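Visitor: just a sequence and a predicted model for now, questions to come.
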Amino acid sequence: MTTLCCANLAGDTLYVVYEKEGLPFSDTLLDMAIRERIERFKALAQKMPESARRYRAIVKEQANEKLLRQKQELFDRWQDVEAVLSSSLENPGDPSVREPFLERLNKHIKEKGTGYVAVIQGLDKIWSAMGTKWLQGIVDAVNEQALEVMPSYNLD
């Protein structure tokens, strides 16, 4: 049995991974792609003190204090943010949305084959929306947890 797993990792880029039965989800290419994004985010977080220094040097007394707090908070709380992001790899999302969507995808794979274009573009709007809802639920949960760790990023 093959399961199709999808995630929007780069704004508008859809990554698709076929997971073979018996392999844990964390061993997939999707997991590796997410870990790579976490490492890139870590590199950004580590640059925050220098970024703040340069920002202050350029704008001087007009510096936005909230922005400076956010830069410092990202740097200071990076380990906590990384833990949130890493733990999110184990989040399968809402099973009431995930299971029917993946069942439909499996059926679609049997009908259309395993080609990305045929499978994904062949979904009707209802199933596409269900897949989006499933993935957005995971994204929203991760965002909520990350904002608990870094409250200065809340929009309030």
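Guide: Perfect, thanks for sending it.
Visitor: can we go C-alpha only for contacts and neighbour counts from here?
Guide: Will do.
Visitor: quick one, helices of this protein?
Guide: 29-46, 48-59, 65-76, 78-87, 95-112, 116-121, 125-149 (DSSP state H).
Visitor: can you tell which of those helices is closest to residue 155?
Guide: Nearest of those to residue 155, taken as CA to CA: helix 125-149 at 9.8 Å.
Visitor: now the angle from the closest one to helix 95-112?
Guide: 140 degrees (axes from the mean of the first three to the mean of the last three CA atoms, to 10 degrees).
Visitor: show me what helix 125-149 is packed up against.
Guide: The helices and strands touching helix 125-149, judged by 3 or more CA pairs under 8 Å, 6 or more residues apart in numbering; DSSP states H and E, are strand 2-8, helix 78-87, helix 95-112.
Visitor: kindly export the second one (C-alpha atoms) in PDB.
Guide: What follows is helix 78-87, C-alpha atoms only, in PDB (Å, rounded to 0.1, in the frame of the first residue of the first chain):
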ATOM      1  CA  TRP A  78      15.600  29.400  19.300                       C
ATOM      2  CA  GLN A  79      16.000  26.100  21.100                       C
ATOM      3  CA  ASP A  80      12.300  26.200  22.200                       C
ATOM      4  CA  VAL A  81      11.200  27.200  18.700                       C
ATOM      5  CA  GLU A  82      13.300  24.400  17.300                       C
ATOM      6  CA  ALA A  83      11.700  21.900  19.700                       C
ATOM      7  CA  VAL A  84       8.200  23.000  18.700                       C
ATOM      8  CA  LEU A  85       9.100  22.700  15.000                       C
ATOM      9  CA  SER A  86      10.700  19.300  15.500                       C
ATOM     10  CA  SER A  87       7.900  17.900  17.500                       C
END
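Visitor: mean pLDDT lowest where, among the helices of the chain?
Guide: Across the helices of the chain, helix 116-121 has the smallest mean pLDDT, namely a mean of 79.
Visitor: for that helix, which positions count as buried?
Guide: 116, 119-120 (16 or more other CA atoms under 10 Å).
Visitor: now swap in stretch 31-45 and tell me
Guide: 31, 34-35, 38, 42, 45.
Visitor: contacting residues around it?
Guide: For stretch 31-45, the external contacting residues (CA atoms under 8 Å, 6 or more residues apart in numbering) are 9, 25, 71, 74-75, 78, 82, 85-86, 89.
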